[in-house]
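In: with the input below, show me the fold.
(chains A and B)
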Amino acid sequence: MREVWKRLKKNKLALASFIFILGVLVLAILAPLLSPYSYDVSTGERLLAPFSKGHLLGTDFLERDLLSRLLFGARMSMLVGFATAFCALFFGTSYGALSGYIGGRTDNFLMRIVDIFYTFPSIVLIILVTVIFGRGMFGILLALTLIGWADVSRLVRGQILQTKEEVYVLAAKSVGLSHFQIVLKHILPNIVGPLVVTLTFQIPTAVLGESFLSFIGLGLKPPYASWGTLAHDAWKSGALRYVEYSYLILVPSLAIFSSMLAFNLFGDGLRDALDPKLKRSRS
Amino acid sequence: MVQFVIKRLFLGIVVLWVLITLTFFILRFLPGGPFDSDKKLPPQVLQNLQKKYRLDLSLEKQYFFYLKDLVFHFDLGPSFKNPDRSINEMIAVSFPISLQLGMCALLIAFLVGIPLGLLAAYHHNTKWDHIFMICAISGVSLPAFLSGSILILIFSKFLSLLPAARWDGLSYMILPALTLGLRPAAIIARLMRGSALEVMDSDYIRTARAKGLSESQVVYKHVLKNSVLPVLTLAGPLSASIITGSFIVELIFAIPGMADYFVDAVFNRDYTLIMGATIVYAFFLISANILVDVLYRFIDSRMQVT
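Out: This next block holds a predicted model:
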């Protein structure tokens, strides 16, 4: 672990990204304390340009302070990102571990189901889920988890197949540990590296997925605001038609972009740090 | 080879069938029928309408007839919200537009992504390599509504060069296709770089150099030819990513394509249209994946079928 951290520290870009992500998270958590106004109450001043007095990022069509909305948006976007990534990780790991550990025909059958999920067009799946469960947090989480878990389960299954014949697993078996204990305490800790890397790539994918849904109008319902709904509101009010109002769409989009970039750079750095041999062939 | 094609086709058909069946039954159980609008309809009209949509039959029969029409006549039935129009008509109007847009985007993606990846690999570990790769990773992180907005602001608001909306010819296609192609281009560039690096490390490239071939011959005849193959397999997953992107691009640029219809259908709860669009998308994506897989096996006979 210390070895990994040392290698990661040398990668300035990844380290900067990590600090940036931490910063966004702190802002998101402290949003109620930091934001100067409420995120869904009008301030009485319509469409102030950024850097106006009292409103650092200006106000929107409904007279709401953009900075406050951005901070609260970070809360929702990050919440969706982390929650989905953890759900996908949990289900994917359980499923993959089960499949790989049992092996044989069960494994074959379970993996065919994963194949079906792979072939399923994910965009259609997301939209169907939101049609069924309506707009809102639950539908979004479910839809995004359904897309993410198949990847994780394939990864975990592969790793389990590799490790389950190792000597230490056989040793654990001969001591009389239950299957559950063996998987949880002896196999999973050894594949924690690739799992963490997957997690860092699942989070941005989920954040981007949420912003996609919100932008086409199938995301969170007002008054909840995420970065995606901010961009959607701005676009819908016609912010792109007038250059002077384009900040309303550019500010939240840039927030999404910079966080995505940070997560991806950090994920790349982490992968290289965990497995320096791979560095050359992958980008 | 034949066995592989049959296996892939079979899996594709199974997935398609599962999707059709699931969507059919789920949508039937959702609240809200086609005609519970504000005004009450006379019983006679209601009866005729129900007959038209076969809602007077039992669920199994409805399912059976739907499948029959679909398989034998490619008929997706009438729209729930616009009883005068069939789903087939709507898709015939909108699908070609989306296909055009998607193809342009895919073309841009390959034309930009492959040279960039190759250049980055060729200048491995230099300043250029790092700059290219930071561009590529930015491209992957870019939400389509940001790139679309920036392109609109620059080319249609500040420079007034290109139109920002609608779909009326070549000049209307440039900005949407660019917006849509940017992310796939970045994905291709990253993969191309990795693939080219691997090839450049191999013995036959060393042999080619040792034979005294010029640099450009080595790069074009050997590196490009051998490293582009794994990148081509991306065309399947990329078409999925392009379809996803097309939802946003068609919204921003007001293009009357499939995605536009689909989103409208979701808001109107036009279940038959949702169903039809789902099937068309799924069919398209699944076929694209199978086609790419089969072509890849066909071209690269070194790979063994597993």
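
In: and residue B:2, how far from chain A?
Out: 20 Å (CB to the nearest CB, to the nearest Å). Where C-beta positions appear, they are placed from N, C-alpha and C, glycine not excepted.

In: remind me, longest helix of chain A?
Out: helix A:66-102 (DSSP state H).

In: so which bits of that helix are buried?
Out: A:66-85, A:87-89, A:91-93, A:95-101 (16 or more other CB atoms under 10 Å in any protein chain shown).

In: just stretch A:214-221 next, same as before
Out: A:214, A:215, A:216, A:217, A:218, A:219, A:220.

In: am I right that the last one sits in a strand?
Out: No: remark: residue A:220 does not belong to a strand; assigned using DSSP: H, G, I helix; E, B strand; the rest coil, it is coil.

In: show me what contacts it?
Out: Residue A:220 is in contact with A:76, A:135, A:136, A:137, A:140, A:210, A:214, A:226, A:228, A:229, counting by CB atoms under 8 Å, 6 or more residues apart in numbering or on different chains.

In: can you tell me if the longest helix of chain A touches chain B.
Out: No: no part of helix A:66-102 sits close enough to chain B to count as contact by CB under 8 Å from any CB of the partner chain; the gap is at least 11.4 Å.

In: which elements pack onto that helix?
Out: helix A:12-29, helix A:31-34, helix A:104-119, helix A:137-163, helix A:192-215, helix A:227-236, helix A:247-274 (3 or more CB pairs under 8 Å, 6 or more residues apart in numbering or on different chains; DSSP states H and E).

In: how does it look with 10 Å?
Out: In terms of contacts (3 or more CB pairs under 10 Å, 6 or more residues apart in numbering or on different chains; DSSP states H and E), helix A:66-102 is packed against helix A:12-29, helix A:31-34, helix A:104-119, helix A:137-163, helix A:179-181, helix A:192-215, helix A:227-236, helix A:247-274.

In: so which of these is nearest residue B:245?
Out: For residue B:245, the closest of the helices and strands packed on helix A:66-102 is helix A:192-215, at 8.8 Å, according to CB to CB.

In: average pLDDT across the closest one?
Out: Taken as a whole, helix A:192-215 carries a mean pLDDT of 88.

In: that helix vs helix A:12-29, what angle?
Out: Helix A:192-215 runs at 60 degrees relative to helix A:12-29, counting by axes from the mean of the first three to the mean of the last three CA atoms, to 10 degrees.

In: can you give me the buried ones in helix A:192-215?
Out: Here helix A:192-215 shows A:193-195, A:197-215 as buried, counting by 16+ other CB under 10 Å.

In: remind me what the one helix or strand residue B:92 maps to packs against, helices and strands.
Out: Element membership for residue B:92 (DSSP states H and E) is helix B:87-122. Applying 3+ CB pairs under 10 Å, 6+ apart, one finds that helix B:87-122 makes contact with helix B:127-141, helix B:170-200, helix B:225-232, helix B:235-252, helix B:258-268, helix B:271-299.

In: still on that earlier bit, neighbour-wise, give me the winner out of the contacts of residue A:220.
Out: Per-residue neighbour counts (other CB atoms under 10 Å in any protein chain shown) across those peak at residue A:228, which has 32 neighbours.

In: that one and residue A:214 touch, don't they?
Out: Yes: taking contacts as CB atoms under 10 Å, residue A:228 lies within contact range of residue A:214: 2.9 Å.

In: between these two, what contacts are shared?
Out: A:73, A:76, A:77, A:80, A:140, A:220, A:252 (CB atoms under 10 Å, 6 or more residues apart in numbering or on different chains).

In: returning to what we had before: out of the helices and strands packed on helix B:87-122, which comes closest to residue B:164?
Out: Evaluated with CB to CB, the helices and strands packed on helix B:87-122 place helix B:170-200 nearest to residue B:164, the distance being 6.9 Å.

In: could you point out which element follows that closest one?
Out: Next helix or strand after helix B:170-200 toward the C-terminus (DSSP H and E): helix B:203-210.

In: which residues touch the spatially most central residue of chain A?
Out: With distances taken as CA atoms, centre = their mean, residue A:203 lies nearest the centre of chain A, 1.7 Å away. By CB under 10 Å, 6+ apart, residue A:203 lies in contact with A:21, A:78, A:80-86, A:88-89, A:148, A:259-260, A:263, A:266-267.

In: poorly predicted segments of the chain, please.
Out: By default, I'm working from chain A. Under the criterion pLDDT under 70, the flagged ranges of chain A are A:46-47, A:119, A:276-283.

In: wrong chain, I was asking about chain B
Out: For chain B, the stretches with pLDDT under 70 are B:32-40, B:300-306.

In: please redo it, this time with the cut-off set to 50
Out: Scanning chain B for pLDDT under 50 picks out B:304-306.

In: run a quick neighbour tally on the spatially closest residue to residue A:197 that is not a sequence neighbour.
Out: Distance criterion CB to CB, 6 or more residues apart in numbering or on different chains; nearest residue to residue A:197, sequence neighbours excluded, is residue A:271 at 4.8 Å. Per other CB under 10 Å, the neighbour tally for residue A:271 reads 21.

In: which residues are in contact with residue 270?
Out: Looking at chain A here, since you left the chain open. Counting by CB under 10 Å, 6+ apart, the residues that residue A:270 touches are A:4, A:7-8, A:11, A:14, A:17-18, A:193, A:196-197, A:199-201.

In: can you look at chain B instead?
Out: The contact partners of residue B:270, taken as CB under 10 Å, 6+ apart, are B:34, B:79, B:80, B:81, B:82, B:87, B:90, B:261, B:262, B:264, B:276, B:277.
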